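> sequence first, then the predicted structure, then my questions.
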Amino acid sequence: MLSVSPHAGVQYFLPEQQVELVPLAGGNINNTWLCTSEDGCRRILQRLRRSIFPEPELIMANLEALVAQRTPESPLLPTPYQGRDGRTFFLDDQGDCWRMLTYLEGTTSLTRIENEYQAQSLGEILARFHHHTASLDPARFHDPLPGFHHTPSYLGRYDRVLRQHPPLTDNELPLVACIEELRDSAFLLEARLAELTPLVTHGDPKVANFLFDERGTAAVSLIDLDTVRPGIILHDIGDALRSCCNPAGEDSDHASFSVKLLLGFLRGYARKAGNLLGRADRRHVVDAAMVISLELGLRFFTDHLTGNRYFRAEYPEQNLERAHVQLMTAVGLYRQRRELNELALEELDGNQ
């Protein structure tokens, strides 16, 4: 339940205006509303919880730096509005952050994709985003979530929670077995950091954070920019792949990984990426998808074990189910990683 009315956020950005607020579904962390003013202009109002983002000022500074130097080749990105005192955010009495963003007309969001053309368009948009961030000075960007995408840290927290947890249920025990099979994989990217390409990354380029044209045929934008931070390019590619290559979607109880969607995404990415990817990056794209799937599975499972405090859950077992999908995806990739890495490398080399 919100302790502060969303109208407090509205009044900071649109003082003395009457608006209609409609909650938007989706998103595991932020609260989002479609805000329509009397003149028919539509905007996005969002609340960022300080319990999740302890320094929201850093997120907004990153967003401002990201959109300030867009070029015609940059993907469509949401832009923050300024409030009555010229800032792009408002902190309420609870310390939560409110912001207002442009609403990108003529777009729709999806939680899963079905065909290679959609996958290719996702790859193209992410490559265009990476070209944009490659032109920016990483020193201008903050890290709003220290430790984010440091998979060994998530594994360590899971281990600590598990040691203190009561006996596990029959539904929980299989996930422990998955994690044990994958344990060494948690260190795979960290062990190769010196070889991998650093970049200002999106941090969370799952399917739901792309916007598509109204028919849902092609991606046109990348949104939810709260996790933009200096990182490595494979964090983004791995996260995009583990999401877009599961045709059943992330909230399904069925985990699968489509080679057809994998190759479609990489085809689109390679055609727009130019020389962004180094040789080591190209050899480990499927490994990256495996590691990020493991990482997210660890996060969902740990949150389930601690009472669903981080990711919003509509029912008690939802984060357990989410963890199951991610960990089964990671196990499947682990068992096929050599063959899939070779296929991925061939696709990237053939479309450079």
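Yep, it's here.
> can you show me the helices along the stretch 1-150 of the chain?
With helices called from DSSP state H, counting those that start in this stretch, the stretch 1-150 of the chain shows them at 6-13, 56-68, 116-134.
> can you lay out those as TSV showing mean neighbour count?
The way it works is simple: take the backbone N, C-alpha and C, and place the C-beta from them, glycine included. Listed next are those as TSV, based on neighbours: other CB atoms under 10 Å:
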stretch	mean neighbour count
helix 6-13	19
helix 56-68	18
helix 116-134	23
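> and of these, who's closest to residue 279?
helix 116-134 (16.8 Å; CB to CB).
> let's see that closest one as PDB, backbone CA atoms only.
The C-alpha coordinates for helix 116-134 follow below in PDB (Å, rounded to 0.1, in the frame of the first residue of the first chain):
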ATOM      1  CA  GLU A 116      12.800 -14.400 -35.300                       C
ATOM      2  CA  TYR A 117      11.800 -11.000 -36.700                       C
ATOM      3  CA  GLN A 118      10.800  -9.800 -33.300                       C
ATOM      4  CA  ALA A 119      14.000 -11.200 -31.800                       C
ATOM      5  CA  GLN A 120      16.100  -9.500 -34.600                       C
ATOM      6  CA  SER A 121      14.500  -6.200 -33.800                       C
ATOM      7  CA  LEU A 122      15.300  -6.600 -30.100                       C
ATOM      8  CA  GLY A 123      19.000  -7.200 -31.000                       C
ATOM      9  CA  GLU A 124      19.000  -4.200 -33.300                       C
ATOM     10  CA  ILE A 125      17.600  -1.800 -30.600                       C
ATOM     11  CA  LEU A 126      20.000  -3.100 -28.000                       C
ATOM     12  CA  ALA A 127      23.000  -2.600 -30.300                       C
ATOM     13  CA  ARG A 128      21.800   0.900 -31.100                       C
ATOM     14  CA  PHE A 129      21.600   1.600 -27.300                       C
ATOM     15  CA  HIS A 130      25.100   0.200 -26.900                       C
ATOM     16  CA  HIS A 131      26.400   2.400 -29.700                       C
ATOM     17  CA  HIS A 132      24.800   5.400 -27.900                       C
ATOM     18  CA  THR A 133      26.400   4.600 -24.500                       C
ATOM     19  CA  ALA A 134      29.700   3.800 -26.100                       C
END
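> tell me which helix or strand comes right after that helix.
helix 151-164 (DSSP states H and E).
> by contact count, what packs against that following helix?
Secondary-structure packing of helix 151-164 (3 or more CB pairs under 8 Å, 6 or more residues apart in numbering; DSSP states H and E): helix 173-182, helix 285-305.
> which of the helices of the stretch 1-150 of the chain has the lowest average pLDDT?
Of all the helices of the stretch 1-150 of the chain, helix 6-13 carries the lowest average pLDDT, namely a mean of 91.
> in the chain, which residue is most central in space?
Closest residue to the average C-alpha location of the chain: residue 204 at 1.6 Å, with CA atoms, centre = their mean.
> that residue contacts residue 242, doesn't it?
No. Between residue 204 and residue 242 there is no contact under CB atoms under 8 Å: 11.5 Å.
> picking that back up, out of the helices of the stretch 1-150 of the chain, which comes closest to residue 213?
Closest of those to residue 213 is helix 116-134, at 9.0 Å (criterion: CB to CB).
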